[in-house]
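Peer 1: whatever this is, show me its structure:
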Amino acid sequence: MKNKIKHIEEIPYTYIQNAKDILKTKAQKKGKFYSVPKYVKMAGDTAWKGVLLALDIWMEKEGVKLKKEQRKSVKYYQEFLADKNYKLLNLFNSGYNYMHLLMSYDGDLLVDTSKKGIELAEEILQSIQRYMPELKEN
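Peer 2: Below you'll find the predicted structure:
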């Protein structure tokens, strides 16, 4: 089981790196904007999945029974974070807005929006790492 956890803990950071790569290589930055909304959406979704995966790993470590047969709502994670750390909850809520709504759904082409979304993803993972030191960057 130890090998399984080691493999899982690398994945959240990989998602964030993949999101950066998508923006850098495919979204076609032109000045302050990207040109291809499809890839901004893909990058936002990828980064957001990395954040949720890290939270799932943390919640499992804390003994929270994950609802694998149902989709988890954002409220599910917010309730967990509200009991742990309000600063992290605020980061999560901002990350939800940037990565999930502005990037993934809207495909906001402003480079600063994507930059902020990726920064929030990294900050969220770093904050989670305080509770789970074994969650390390690749």
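Peer 1: now the helix or strand harbouring Lys115: buried residues?
Peer 2: Following DSSP states H and E, one finds Lys115 within helix 111-131. Residues of helix 111-131 classed as buried by neighbour count (16 or more other CB atoms under 10 Å): 111, 113-114, 116-118, 120-125, 127-129. Glycine gets a C-beta too; all of them are placed from N, C-alpha and C.
Peer 1: for those residues, which one is nearest Lys87?
Peer 2: Ser127 (7.3 Å; CB to CB).
Peer 1: so the closest one makes contact with Leu91?
Peer 2: Yes: applying CB atoms under 8 Å, one finds Ser127 in contact with Leu91, separated by 6.3 Å.
Peer 1: sorry, back to before: closest one to Thr25 out of the buried residues of helix 111-131, please.
Peer 2: Out of the buried residues of helix 111-131, the member with the shortest distance to Thr25 (by CB to CB) is Ser114, at 13.4 Å.
Peer 1: quick check: the closest one vs Leu120, distance?
Peer 2: 11 Å (CB to CB, to the nearest Å).
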